[in-house]
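Colleague: next input, structure requested:
(2 chains)
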Amino acid sequence: NAGVTQTPKFQVLKTGQSMTLQCAQDMNHEYMSWYRQDPGMGLRLIHYSVGAGITDQGEVPNGYNVSRSTTEDFPLRLLSAAPSQTSVYFCASRPQKNTEAFFGQGTRLTVV
Amino acid sequence: DQQVKQNSPSLSVQEGRISILNCDYTNSMFDYFLWYKKYPAEGPTFLISISSIKDKNEDGRFTVFLNKSAKHLSLHIVPSQPGDSAVYFCAARRDQGAQKLVFGQGTRLTINP
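Modeller: So this is what the prediction gives:
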C-alpha cells in the first residue's frame, strides 16, 4: 500500500525560483493538507483541502499556492522561493470523518 | 502564539521504566487531542488520541491522560522500549468542521538500554 507519497524527497532551490512539491494518496481520502516542520516550531498548517476543488489557508499560507483538481493529488507550489521557506514539508490525508491523519515521508527543501 | 506547548525538548529514560511526555494548551475550545510519533526521515504516525469528554485513554503500553481544568495532557509509555525512541508531537483539534490540527514543538524521547 502506497499511502501518502511525496516527491521529491530532497530539493535545493535558489532564491526566486519556483517549484511544485507533489503529494498523492491512494486511499480515497477527502481531506488533504500541507504542513511545514521547523526546529522548535512543531508542524504548522500551510494549506488544506476538504475535497476536490476546495482549498483553504492554514496558519502560514504566504508564499504558497495549492490546488485540488482530483481527490488523489494535492500539489504545493512555491511561487518565488525565499530562504525562510527552508523547511521539511509534510503532506497528510485523512477520511472526512476521522481526525487522525496519515502523513507522507516529507520533502526536505533548502533555499539558498 | 504557541497554543500547544511541549516544554521539554528532550527526555531520556531507562529501558523498562515509564516515560511521561507532557503537553500544555491554552485554547479551551480544543475538543480532541492526539499524539504522533516521528522517526528520523519519516513522516509522523498517529499513536493515540483522546476526546475532551474523557480523562484517560489506553492502548497497550500507551496511555494518554487529559486534565481539562489544568489544560494539560500527558502520554505515558510503560514499559519503555528502545523502539520508542523518537520525537513525539502533541496535537489539538480546533474547528470541528475543518478539523485543523495545532501541533506542539515535539519532545525527543531516548530510551537507554
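Colleague: once you drop chain neighbours, what's closest to residue A:111?
Modeller: residue A:81 (4.5 Å; Cβ to Cβ, 6 or more residues apart in numbering or on different chains). For glycine as for every other residue, the C-beta is placed from the backbone atoms N, C-alpha and C.
Colleague: so how far is chain B from that neighbour?
Modeller: Using Cβ to the nearest Cβ, to the nearest Å, residue A:81 is found at 22 Å from chain B.
Colleague: helix or strand: which one has that residue?
Modeller: Per DSSP states H and E: residue A:81 is located in neither a helix nor a strand.
Colleague: and it, what does it touch?
Modeller: The contact partners of residue A:81, by Cβ atoms under 8 Å, 6 or more residues apart in numbering or on different chains, come to A:13, A:14, A:15, A:16, A:17, A:18, A:19, A:109, A:111.
Colleague: now whichever residue of chain B sits closest to chain A, nearest residue through space, not along the chain?
Modeller: Nearest to chain A in chain B, going by Cβ to the nearest Cβ, is residue B:43, at a distance of 3.2 Å. Of all residues not flanking residue B:43 in the chain, residue A:103 sits nearest, at 3.2 Å (Cβ to Cβ, 6+ apart).
Colleague: pairing partners for that neighbour in the sheet, please.
Modeller: residue A:92 (DSSP bridges).
Colleague: is it in contact with residue B:39, as I believe?
Modeller: No. Applying Cβ atoms under 8 Å, one finds residue A:103 not in contact with residue B:39, separated by 11.5 Å.
Colleague: these two: who's more crowded?
Modeller: residue A:103 (23 against 12; other Cβ atoms under 10 Å in any protein chain shown).
Colleague: quick one: residues contacting the more buried one.
Modeller: Taking Cβ under 8 Å, 6+ apart, one finds A:4, A:90, A:91, A:92, B:36, B:43, B:44, B:45 in contact with residue A:103.
Colleague: list just the nearest of the residues you listed to residue B:54.
Modeller: The nearest member of the contacts of residue A:103 to residue B:54, counting by Cβ to Cβ, is residue B:36 at 18.8 Å.
Colleague: and what about the closest one, helix, strand or coil?
Modeller: strand (DSSP: H, G, I helix; E, B strand; the rest coil).
Colleague: how many residues are close by residue A:44?
Modeller: Residues near residue A:44, counting by other Cβ under 10 Å, number 16.
Colleague: elements contacting the helix or strand where it lies?
Modeller: In this assignment (DSSP H and E), residue A:44 forms part of strand A:42-51. Secondary-structure packing of strand A:42-51 (3 or more Cβ pairs under 8 Å, 6 or more residues apart in numbering or on different chains; DSSP states H and E): strand A:31-38, strand A:54-57, strand A:64-66, strand B:86-94, strand B:100-103.
Colleague: partners of the longest one in the sheet?
Modeller: Counting by DSSP bridges, the strands paired with strand B:86-94 are strand B:32-38 (antiparallel), strand B:100-103 (antiparallel), strand B:107-112 (antiparallel).
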